[in-house]
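Colleague: compute the structure for the input listed below.
(one chain, ligands or ions: 1)
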Amino acid sequence: MLPNQSAKVIETDIAIIGGGSAGISLAAKLKHQTTVVIEPKQPDERDVSWALWAKDDQLQELGSAIKGCWKQWRLVDHQREILHNSDDYHYISLSSADYLRNRESQLAPSTKLIRDYAEHIQSSGCGGNFSVSGQRYHAQHIYDSRPPKMDKNGLKQHFLGIEIRTKQPLKETSIATLMDFRVDQSRGLHFIYALPFSDRSLLIESTMISTSLEPMDWYRTAIDQWLKDQSIEIESITREEHGVIPMHETIAEDSSLTKIGAASGAIRLSSGYAFTTIQMQTTKLAAGIEKGQFEVPQVISGTINKLDNIFNRVLVAEPTLGVQLMMKTAGALDAKGFSQFMLGKATIKDWIKVILAMPKIPFLTQVFR
Ligand SMILES: Cc1cc2nc3c(=O)[nH]c(=O)nc-3n(C[C@H](O)[C@H](O)[C@H](O)COP(=O)(O)OP(=O)(O)OC[C@H]3O[C@@H](n4cnc5c(N)ncnc54)[C@H](O)[C@@H]3O)c2cc1C
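Modeller: Sure thing, here's the model as predicted:
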């Protein structure tokens, strides 16, 4: 919609473009600034599973958005099963819709959520002008969380998932299956991710780590085959989700704006996990804003990005090693070490364990490439 040129421009301290994971998390933490969050979608239009490793205090904070919680998780291939049993961390799955709704309900009176697209965005310094629903705004500071553009040939994690009600009760509900590699590996690194929410409710995702996407039916066939192998029958499909998560450096929608969330590189390159890093980023940023510091903190260190990039280059150069690399990473660590590794908080000792477990020649080739 074209902005009404004669209408008054609304002034605001902060504008957040996109009220997804990063945008709404930041907005909910700002209490003393005039803020507008612009988000076109309702939470229900984007209900997916956001999973993470969480400690007890985070369980409290995430409360009713938690759909499933496991103290045990496993990775499986044709040779072995690695089972982690954790006292420190829980693997949890959130309903993104519940999380977004919950954060929207916590917005301060000085924060306005506008359900539309931001358009005609012009940056100037840290802020700029934009219009929403024909109304022109000027913000002192703009934070842009619109999804970044992916490199067509870059490494990606892409998946299709279905949440089902099963005909018979599931035999095992206390273990989250993070990666089951006993599936077709002919097109790239492929695994099934399965979260039992109850004895009759299961999320199953066919996930690929490769450079090209597959037709939707390909993931569906993989899910059907896996369910057959597990002797699990579908009574009904309650939800479907699919996604593409970049595992490479992306290009922002508008490079002149300050980015937050995935657009700012908050996705862990080797795993696609971003929820925890986005929480860290928005918590630190909100605390900074309260003190008049508006810079977005870097939450994934340059060293981790470099190591993850090497790992990913090995995956691209030698996709047949993928299963082995994932199994060796998990096998080198105990449950706590693995959780911290996935959260980007691994100790030097755990990094050394992982590096020693990796096949040396493929890694050295990529280090010196
Ligand atoms: C299906 C899926 C499952 C995932 N699962 C996990 C997981 O289990 N664990 C994990 O850690 N990470 C996961 N991720 C990765 C990551 O956590 C998410 O992508 C997360 O949503 C990124 O948050 P964000 O705020 O950067 O972007 P988003 O949540 O995508 O928010 C960007 C927002 O910008 C809005 N927007 C776009 N254009 C405009 C515009 N012009 N004006 C205003 N708003 C606009 C969009 O509507 C969107 O809501 C998943 C990603 C996907 C896609």
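Colleague: ok, now which ones touch the residue of the stretch 1-150 of the chain found nearest the ligand?
Modeller: Proximity of the stretch 1-150 of the chain to the ligand (C-beta to the nearest ligand atom) peaks at residue 20, 2.0 Å away. Every residue, glycine included, has its C-beta placed from N, CA and C. By C-beta atoms under 8 Å, 6 or more residues apart in numbering, residue 20 lies in contact with 39, 46, 100, 145, 261.
Colleague: gap between it and residue 282?
Modeller: Residue 20 sits 11 Å away from residue 282, going by C-beta to C-beta, to the nearest Å.
Colleague: just residue 195 next, same as before
Modeller: 25 Å.
Colleague: looking at the two, which is more packed in?
Modeller: Each of residue 195 and residue 282 has its neighbours counted (other C-beta atoms under 10 Å); residue 282 has more, 29 against 25.
Colleague: give the buried residues for the helix or strand that one falls within.
Modeller: Element membership for residue 282, per DSSP states H and E: helix 275-290. By neighbour count on 16 or more other C-beta atoms under 10 Å, the buried set for helix 275-290 is 275-282, 284-286, 289.
Colleague: likewise stretch 22-37?
Modeller: Neighbour-count burial for stretch 22-37, with 16+ other C-beta under 10 Å as criterion, is recorded at 22-30, 33-37.
Colleague: stretch 356-369 now?
Modeller: Buried residues in stretch 356-369 (16+ other C-beta under 10 Å): 357-358, 362-363, 366.
Colleague: tell me the one of those residues nearest residue 110?
Modeller: Lowest distance from residue 110 to the buried residues of stretch 356-369 (C-beta to C-beta) belongs to residue 366, with 49.4 Å.
Colleague: next, give phi and psi for the closest one.
Modeller: Backbone dihedrals for residue 366, given as degrees, to the nearest 10, come out at phi -80, psi -30.
Colleague: surely it touches residue 308?
Modeller: No - contact criterion C-beta atoms under 8 Å: residue 366 and residue 308 do not qualify, at 11.7 Å.
Colleague: any chance you could map the helices in the stretch 151-300 of the chain?
Modeller: Using DSSP state H, counting those that start in this stretch, the helices assigned to the stretch 151-300 of the chain run over residues 216-229, 275-290.
Colleague: ok, residues contacting the first one?
Modeller: Right, helix 216-229. Under the contact criterion C-beta under 8 Å, 6+ apart, helix 216-229 has outside partners 159-162, 180, 182-184, 187, 190, 192, 194, 204-206, 208, 233-234, 242.
Colleague: is that helix anywhere near the ligand?
Modeller: No - on the criterion C-beta under 6 Å from any ligand atom, helix 216-229 is out of touch with the ligand, staying 12.6 Å away.
Colleague: check what pLDDT residue 7 gets.
Modeller: In this model, residue 7 is scored at 72, pLDDT.
Colleague: ok, it - contacts?
Modeller: By C-beta under 8 Å, 6+ apart, residue 7 lies in contact with 134-136.
Colleague: before we move on, the earlier item: pLDDT on the helix holding residue 282, on average?
Modeller: Mean per-residue pLDDT for helix 275-290: 97.
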